[in-house]
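Visitor: Need a 3D model of the sequence below.
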Amino acid sequence: MASRHLAFLPALAVVGLALGPSPARAALQLFADVGGTTFSCFDNQACDTNPTTGVLSLGNAVNINGVVVNGSIQTSTGNPATPGLVNVLNSSALTVTNTNATSTSATVAISDTDFTGPANSYSTSGSGTFQDAVGSLITLNWFNDANNAQGADSATDTPGTLVDTFTYNVTRVADSFAHSETGAASDPGAFSMTLQFLYTLTPGGQLLSRGMTELKPRVVPVPEPASLSLMGVGLLALGLMARRRMV
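Guide: Just a heads-up that it's a prediction; the model follows:
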């Protein structure tokens, strides 16, 4: 694991805007605690403005305890809802603004399950720009769970192993960040991924073009020698049959 610059925090808090019952099955979901006020949103529930399964989108100008979020979208691919696609959990937001007269802290988690294994590597990334937010603090965490447990039942519900983490203190009026990391993983079967944001945003501070991603490509099994030999025998037999027909 390595740390780099990165930024994406309160935007997630916006997800909690519309409350809804937990889905009967595992699903893409988000939970936020913004200044002591908790919120949650689940894929395909009333709070989700995008009907596509695997896309959790919130409306614009979502105000959660004085933190206003625009353009918040979470996406998930590589599980039963999107078979054949790469395993990716992603979260983004166009703008996040603290309209309070005091600094506001938040913790947000986003999670989904049933990503397709086997997988033996991961890539994490994140980026964003802070404006008028000197003194703000951000910590970003990426989790993986080979036991495929559902995360984000609370802001601190992050099952599995912490595969990457990032912390940054904002020191400039305009401060941009970028972070990326790769590493080894061990997921023989279906697994879950969880993204978590913890932040303190100063009064009037803004976070723009926030993004955070965890990607785990599926390993395509290589045929064993015995299987290759059997395939070779089969191809040889087909070739002999075709030759006899030509004689």
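
Visitor: Show me the shaky parts of the protein.
Guide: 1-26, 222-247 (pLDDT under 70).

Visitor: now the helices for it?
Guide: Along the chain, counting by DSSP state H, helices occupy 225-246.

Visitor: centroid residue for the protein?
Guide: For the chain, Leu89 is the residue whose C-alpha lies nearest the centre (C-alpha atoms, centre = their mean; 3.1 Å).

Visitor: all strands of the protein, in order?
Guide: Along the chain, counting by DSSP state E, strands occupy 29-34, 37-42, 55-57, 62-64, 67-70, 73-77, 87-98, 104-115, 119-131, 137-145, 161-169, 174-187, 191-201, 206-216.

Visitor: give me every residue that touches the nearest residue to the residue nearest to the centre of the chain once chain neighbours are set aside.
Guide: Distance criterion C-beta to C-beta, 6 or more residues apart in numbering; nearest residue to Leu89, sequence neighbours excluded, is Met193 at 4.4 Å. No exception for glycine: its C-beta is placed from N, CA and C like everyone else's. In this structure, Met193 makes contact with 87, 89, 111-112, 115, 142-145, 214, 216, judged by C-beta atoms under 8 Å, 6 or more residues apart in numbering.

Visitor: how about a cut-off of 6 Å?
Guide: 89, 144, 214 (C-beta atoms under 6 Å, 6 or more residues apart in numbering).

Visitor: okay, the residues you listed in a markdown table with distance to Asn63 next?
Guide: Shown next, in a markdown table, are the contacts of Met193 (distance: C-beta to C-beta, whole Å):
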| residue | distance to Asn63 |
| --- | --- |
| Leu89 | 26 |
| Asn144 | 33 |
| Glu214 | 28 |
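
Visitor: Between these, which sits nearest Asp164?
Guide: Nearest to Asp164, judged by C-beta to C-beta, of those is Glu214 at 8.1 Å.

Visitor: neighbours around the closest one, how many?
Guide: 24 (other C-beta atoms under 10 Å).

Visitor: For it, which residues count as its bridge partners?
Guide: With DSSP bridges applied, Glu214 shows beta-bridge pairing to Leu89, Thr124.

Visitor: Hmm, Asn90 and it touching each other?
Guide: No - between Glu214 and Asn90 there is no contact under C-beta atoms under 6 Å: 7.8 Å.

Visitor: Can you work out which residues contact both of those two?
Guide: Shared contacts of Glu214 and Asn90 (C-beta under 6 Å, 6+ apart): none.

Visitor: and Ala152, which of the strands of the chain is closest to it?
Guide: strand 104-115 (3.8 Å).

Visitor: For the closest one, which outside residues touch it?
Guide: Applying C-beta under 6 Å, 6+ apart, the set of residues contacting strand 104-115 from outside is 10, 12-13, 26, 28, 30-35, 67, 74, 76, 78-80, 87, 89, 91, 98, 148, 150-152, 155, 157, 190-192, 194-201.
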